[in-house]
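Engineer: pasting a predicted model and its sequence here:
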Amino acid sequence: MNPLCQTLFTAVVTALFGSGGTGLIMYFINRHDQKKGAQSKQAKMILGLGHERIMELGEKYESRGYITVEEFDDFNTYLYEPYRAMGGNGTGEEIFNRIRALPRHPQKGVNK
């Protein structure tokens with residue numbers, strides 16, 4: 001390595017890990033933690049919204065007494081599975097199981 005590169009490398013390493021660089025490193029660590037905290041809050045919000053929607057649709061389908069094939073596929077694929085993957089609680093699973101047990105109609109508006 002040429003002397004100029006060595007000097008620059010030494011200066012950068014000293015700045016990052018020396019006493020003056022501690023503040024810089026802590027700055028990046030704190031920013032990471034803040035982003036992580038914000039992501040955690042966003043995840044909780046999304047989980048809460050998913051739970052609310054599962055409750056709302058579950059009540060709708062149960063009171064109606066059936067679910068269409070399309071509704072069940074959407075409910076499972078786009079709502080319940082992501083909710084479960086994010087760590088949703090047993091209430092969502094309980095509602096999903098009740099919805100899964102409902103009679104299926106092939107399309108909307110079909111009353112059997």
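Structural biologist: Thanks, I have the structure now. Numbers count the residues shown, from 1 in each chain.
Engineer: mind listing the helices for this protein?
Structural biologist: In the chain, the segments counted as helices under DSSP state H are 3-17, 19-64, 69-74, 81-85, 90-100.
Engineer: weakest of these by average pLDDT?
Structural biologist: Note on the helices of the chain: lowest mean pLDDT is at helix 3-17, with a mean of 72.
Engineer: which ones are touching residue 106?
Structural biologist: 68-69 (C-beta atoms under 8 Å, 6 or more residues apart in numbering). Where C-beta positions appear, they are placed from N, C-alpha and C, glycine not excepted.
Engineer: and it, what are its phi and psi?
Structural biologist: Phi and psi for residue 106, reported as degrees, to the nearest 10, are phi -70, psi -30.
Engineer: quick check: buried residues in stretch 72-87?
Structural biologist: 72, 75, 79-80, 83-84 (16 or more other C-beta atoms under 10 Å).
Engineer: ugh, wrong one, I meant stretch 40-47
Structural biologist: So for stretch 40-47, counting by 16+ other C-beta under 10 Å, buried means residue 47.
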